[in-house]
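In: Let's see this in three dimensions:
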Amino acid sequence: MTTEDGPGMVREKMIVEYPADTRLSQSSTTPGGRSSLLRDEDNHLAGHSVLFPADDDLLTRAEADALADDRARLTQAEAEAKLKLAMAGAAAVGIAVTTAAVKAAPYVKKGFATLKSKLNRGEPELADEASGTIIEIEFPGRTTRSEQPPREMPAP
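Out: Residues are numbered from 1 along each chain as shown. Now for the predicted structure:
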């Protein structure tokens, strides 16, 4: 976008790019104007700035800041919504796992009891079998108790 400011003068919007540790020189011919020359902290000439044509949709600093603030608010709102969704999902998963555990508990208990009885079936229980059993061993040349005549007791 260009305008004519007077005879022989053209004014045009431009984007100026220059290093952060420099500044634009003061114009010696136009009060309040700047030139494309760059100066350092000690006011020594540091080079030239680069000029780019400005588009009509170029934002001012205030407009750019307002747009950035709006985007930050939107991003924060999205983050809060995602957090609420994640918390609701975690609660739903917790409820589902608890319900499944409560429903499965009797079946698991029965399964452990069945497994325990299967494991104990193979082992003999010594206390029950040994209490009422008498084992007789026969030796060749010896008689068993039932074959021996009863002993007589001496008289007192």
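In: can I assume residue 51 sits in a helix?
Out: No. Per DSSP: H, G, I helix; E, B strand; the rest coil, residue 51 lies outside any helix segment and is strand.
In: Verify the stated contact: it with residue 14.
Out: Yes. Using CB atoms under 8 Å, residue 51 is in contact with residue 14, at 4.6 Å. (C-beta placed from N, C-alpha, C; glycine too.)
In: Helices along the chain, start to end?
Out: 61-121, 126-131 (DSSP state H).
In: Mean neighbour count added to these, as a markdown table?
Out: Shown next, in a markdown table, are the helices of the chain (neighbours: other CB atoms under 10 Å):
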| stretch | mean neighbour count |
| --- | --- |
| helix 61-121 | 10 |
| helix 126-131 | 8 |
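In: Going by mean pLDDT, which of those helices comes out lowest?
Out: Looking at those, the lowest mean pLDDT belongs to helix 126-131 (a mean of 54).
In: what sits against residue 48?
Out: Shown in contact with residue 48 (CB atoms under 8 Å, 6 or more residues apart in numbering): 36-38.
In: rewinding a little: with distance to residue 26 added, can I get the helices of the chain in CSV?
Out: Output for the helices of the chain, formatted as CSV (distance: least, CB to CB, whole Å):
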stretch, distance to residue 26
helix 61-121, 21
helix 126-131, 110
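In: That concludes my questions; thank you for your assistance.
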